[in-house]
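Novice: got a predicted structure here, sequence first:
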Amino acid sequence: MASLRGKRCLITGGSRGIGLAIAKVFSNHGASCVLIGRHHETLTTAIHSLNHACLSYPHEAHAFNVSNLSGWQSFMHKMKTGPLDILVNAAGISQNSFLFKTRFQEMNQLLDTNLKGTILGCQSVIPRMMKQKSGNIINVSSLLATNGGRGASVYAASKAGIIGLTRALAWEVGRFNIRANVIQPGYIETDMTKDMEEGGHLSALIPMGRLGLAEEVADAALFLANNTYAHNCVLNIDGGLSAT
Ligand SMILES: NC(=O)c1ccc[n+]([C@@H]2O[C@H](COP(=O)([O-])OP(=O)(O)OC[C@H]3O[C@@H](n4cnc5c(N)ncnc54)[C@H](OP(=O)(O)O)[C@@H]3O)[C@@H](O)[C@H]2O)c1
């Protein structure tokens, strides 16, 4: 159970949902977690829910908007010491509007949070990982990146961008012993989907007949964190939805 002992992981979107499930699994395997979200209260509650046994560094929480360059700069300044072994970019927001009705401000918010936030996370952390000559980046995309989805055009574009980003990075950073991989979840039970599943509408679309659990996505993150030859993977966890 201690495969990540001594490792330090940054997890954006670590306050809730998939990011928090990843933090729980990583901390159960001995990792110290640095959670990033926008709200101190949710982050504090999240930190309390982690496993605090046998840590090399205490868990930490930092509240800032991932789309904000100065937020990343001051965060990295605070993280001057200690290793940064794993970066998980899980912060994201969803969309529920046809493109012709999507306002410019909403479009910017989606692209800024989902795509620019992930790019900034990678750009901020990679120089440290290059100095360490090791690192591991796990970016959370979505099945909608490749399958599309009604009312999710900008979201899908932002998530497709994450796959392109990660593939390009895999070329750039592999020789520094930094691995970069993508998880492509289908529909997962979190706050993001709680209003979408009314009347079992989503489950009916999925071959496994149900939404996935955040813990099932976290399992995939653990695999990518541990498998030392996993690089440039796009790992779908979707209950078979990609087959339909
Ligand atoms: N749930 C699904 O079915 C599903 C499917 C495919 C992909 N995904 C992706 O998986 C990731 C996690 O989704 P989830 O379902 O766990 O969603 P969630 O429960 O709504 O959690 C979203 C997380 O992102 C954080 N966040 C949002 N905007 C942020 C910002 N600007 N700066 C910093 N943190 C921000 C939130 O923190 P605060 O609100 O506290 O700031 C929260 O921790 C997202 O990238 C999502 O697109 C989810």
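Specialist: That came in fine, so what should we check first? The shown structure was predicted, so the numbers you read here are calculated from the model rather than taken from an experiment.

Novice: only C-alpha atoms for contact and neighbour calcs from this point on.
Specialist: Noted.

Novice: need the CA coordinates for stretch 119-132. PDB is fine.
Specialist: Backbone C-alpha positions of stretch 119-132 (Å, rounded to 0.1, in the frame of the first residue of the first chain) are rendered in PDB as follows:
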ATOM      1  CA  ILE A 119      -1.000  24.400 -19.800                       C
ATOM      2  CA  LEU A 120       0.000  26.800 -17.000                       C
ATOM      3  CA  GLY A 121       0.200  24.000 -14.500                       C
ATOM      4  CA  CYS A 122       2.500  22.000 -16.800                       C
ATOM      5  CA  GLN A 123       4.600  25.100 -17.600                       C
ATOM      6  CA  SER A 124       5.000  26.000 -14.000                       C
ATOM      7  CA  VAL A 125       6.100  22.600 -12.700                       C
ATOM      8  CA  ILE A 126       8.100  21.200 -15.600                       C
ATOM      9  CA  PRO A 127      11.300  23.300 -14.900                       C
ATOM     10  CA  ARG A 128      11.400  21.900 -11.400                       C
ATOM     11  CA  MET A 129      10.900  18.400 -12.700                       C
ATOM     12  CA  MET A 130      13.700  19.000 -15.300                       C
ATOM     13  CA  LYS A 131      16.000  20.000 -12.500                       C
ATOM     14  CA  GLN A 132      15.000  16.800 -10.500                       C
END
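
Novice: I figured V25 hits E216, correct?
Specialist: No - counting by CA atoms under 8 Å, E216 is not a contact partner of V25; they are 10.2 Å apart.

Novice: quick one: the residue nearest to the spatial centre of the chain from the ligand, how far?
Specialist: Centroid-nearest residue in the chain: A90, 2.0 Å away (criterion: CA atoms, centre = their mean). Distance, A90 to the ligand, by CA to the nearest ligand atom, to the nearest Å: 4 Å.
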